[in-house]
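J.: the sequence and its predicted three-dimensional model are supplied below.
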Amino acid sequence: MTIFTVGIEADLKLVERLTFLQEDLGKIIASRGGDSRWVRPEYINIPLVYLGTQDDGEIPEMNHILARVAKDVSPFRISVAGIQAYPNPTCPRLIQVGVDVGLESLTQLRERIRYAMTEANFGFDSRPFKATMLLGRVITPNQKVDLSDAIDAIKDLNFGGTDVYEIALYNASLSLTGTIHFVVSRHALTGH
């Protein structure tokens, strides 16, 4: 049994910009006595639907559903801007960036996937959708690290866009060395 999600992969130029941001923020966090764990570049994505723990034997059915949804959705473009520290910049635990252009198309795609998966009795996370890309975690064992000034300085920075032309089914499994992520399948958005 592994954990499955459906998401959107970012193009290489956007991932490269976000990787530079991770490096810069990592230096700031370290200079303030904290540590950070960054999402590896190949795992930077926008999660759309969390399907939870599923048996690997369900992969063909999940792929069938995603292929059916993808053929009815046309490709579109999104833009990524704004950095967020959760729960807040004065004591952050998560660092993420958000989608500012193309959010309506992304939300509609998410709802199509969610509806199709629900109809097939696949579970999902019912929390409100937030179109974000997780960049990393701040680890502060002995003290809090205030990133207010750093976040404020780049809060409106636009990191660029990416074309959304496919959806991906991901799985994650735990190992002794951490979580291992895989792209199980990709489904092209064809719009017909």
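T.: It's in.

J.: can you name the element that comes right after whichever helix in the chain runs longest?
T.: When the chain is scanned for its longest helix (criterion: DSSP state H), the result is helix 12-31. As assigned by DSSP states H and E, the chain's next helix or strand after helix 12-31 is strand 35-38.

J.: quick check: buried residues in the following helix or strand past that following strand?
T.: The helix or strand immediately downstream of strand 35-38 is strand 45-54, counting by DSSP H and E. When burial is assessed from 16 or more other Cβ atoms under 10 Å, strand 45-54 yields the following buried residues: Asn45, Ile46, Pro47, Leu48, Val49, Tyr50, Leu51, Gln54. All C-beta atoms are positioned from the backbone trio N, CA, C, and that covers glycine.

J.: do stretch 90-104 as well
T.: Applying 16+ other Cβ under 10 Å to stretch 90-104 flags Pro92, Ile95, Gln96, Val97, Gly98, Val99, Asp100, Gly102 as buried.

J.: give the burial count for His155, as a bare number.
T.: Not His; residue 155 is Lys. Using other Cβ atoms under 10 Å, Lys155 has 13 other residues around it.

J.: residues touching it, list them.
T.: Gly82, Ile83 (Cβ atoms under 8 Å, 6 or more residues apart in numbering).

J.: and it, backbone torsions?
T.: The phi and psi torsions at Lys155 (degrees, to the nearest 10) take the values phi -60, psi -30.

J.: quick one, grab the pLDDT at it.
T.: With respect to pLDDT, Lys155 has a value of 87.

J.: do the same with the one 4 residues further on
T.: According to the model's per-residue confidence, Phe159 sits at a pLDDT of 94.

J.: cool, Ala131 as well?
T.: Predicted confidence (pLDDT) at Ala131: the value is 93.

J.: excluding sequence neighbours, find me the nearest residue to it.
T.: Val99 (3.8 Å; Cβ to Cβ, 6 or more residues apart in numbering).

J.: picking up where we left off before, where is pLDDT lowest across the buried residues of stretch 90-104?
T.: Among the buried residues of stretch 90-104, Asp100 has the weakest pLDDT, 90.

J.: shouldn't that residue be in contact with Leu157?
T.: No: using Cβ atoms under 8 Å, Asp100 makes no contact with Leu157, being 10.8 Å away.

J.: and for the two, which residues touch both?
T.: Common neighbours of Asp100 and Leu157 (Cβ under 8 Å, 6+ apart) are Ala81, Gly82.

J.: now for Gly34, how many residues are close by?
T.: Neighbour number of Gly34 under other Cβ under 10 Å is 20.

J.: mind telling me what element the nearest residue to it once chain neighbours are set aside is part of?
T.: Excluding the flanking residues, the one nearest Gly34 by Cβ to Cβ, 6+ apart is Val145, at 3.7 Å. Counting by DSSP H and E, no helix or strand carries Val145.

J.: so which residue is dead centre in the protein?
T.: Closest residue to the average C-alpha location of the chain: Ile46 at 2.9 Å, with Cα atoms, centre = their mean.
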